[in-house]
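what would the 3D arrangement of this be:
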Amino acid sequence: MAYNRWAVTLVGQDALLIKMQNYSSQSEAVINKVLKETGGQVAVDKITNLIPISNEDLRRGHRHARSSKPLNVQYFNLGFRVRPKKSFEYIKYPDLGIGTSQRNMPQDFMQRGLEIAVDPITAELIKGFDELNSK
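Predicted structure coming up:
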């Protein structure tokens, strides 16, 4: 089974780090809440938009993964994991450049989607900390 893991770091996210320090006792709860309410879905949307579409499948009238909600989100403390659903496991092949996609370059749409999602998720986290301030 092909396996790959990506992680996103908060380099250059100084505003968020300052807010986390200011609300250190409540940071964990705010982060978990925001990631569960919006963060996971933002990441899924950004990744899904980058999934390549095969012209051959479209010509045959097949429904493509991009339009079929192919990803699941599993939440855990201070994070989440995005994985393809069982019926869409095949999208890992073009992503990693393995299997029948071996002759092709890896497309890395999972990693690129996560990188694109960092800024919107960070903005939501900052908004979550600002809501604490207004209470």
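
strands of this structure, residue ranges please.
Applying DSSP state E to the chain gives strands spanning 71-76, 79-84.

of those strands, which is nearest G39?
When the strands of the chain are compared by C-beta to C-beta, strand 79-84 sits nearest G39, at 6.6 Å. For every residue, glycine as well, the C-beta is placed using N, CA and C.

partners of the closest one, with directions?
strand 71-76 (antiparallel) (DSSP bridges).

rank the strands of the chain by pLDDT, which is bottom?
Lowest mean pLDDT within the strands of the chain: strand 79-84, at a mean of 90.

chain center to that one: distance?
Relative to its chain's centre, strand 79-84 lies at 7 Å (C-alpha atoms, centre = their mean, to the nearest Å).

neighbouring contacts of it?
35-36, 39-40, 43-44, 47, 70-75, 90-92, 110, 114 (C-beta atoms under 8 Å, 6 or more residues apart in numbering).

just the helices in the protein please.
Assigned helices in the chain, in chain order: 14-22, 27-34, 40-50, 55-59, 92-96, 109-134 (criterion: DSSP state H).

lowest average confidence across these, which one?
Among the helices of the chain, helix 55-59 carries the lowest mean pLDDT, a mean of 61.

thinking again about what came up before, would JSON lines of the helices of the chain with mean neighbour count and distance to R81 be doable?
Below are these laid out as JSON lines (neighbours: other C-beta atoms under 10 Å; distance: least, C-beta to C-beta, whole Å):
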{"stretch": "helix 14-22", "mean neighbour count": "14", "distance to R81": "21"}
{"stretch": "helix 27-34", "mean neighbour count": "17", "distance to R81": "14"}
{"stretch": "helix 40-50", "mean neighbour count": "19", "distance to R81": "9"}
{"stretch": "helix 55-59", "mean neighbour count": "9", "distance to R81": "27"}
{"stretch": "helix 92-96", "mean neighbour count": "19", "distance to R81": "14"}
{"stretch": "helix 109-134", "mean neighbour count": "16", "distance to R81": "11"}
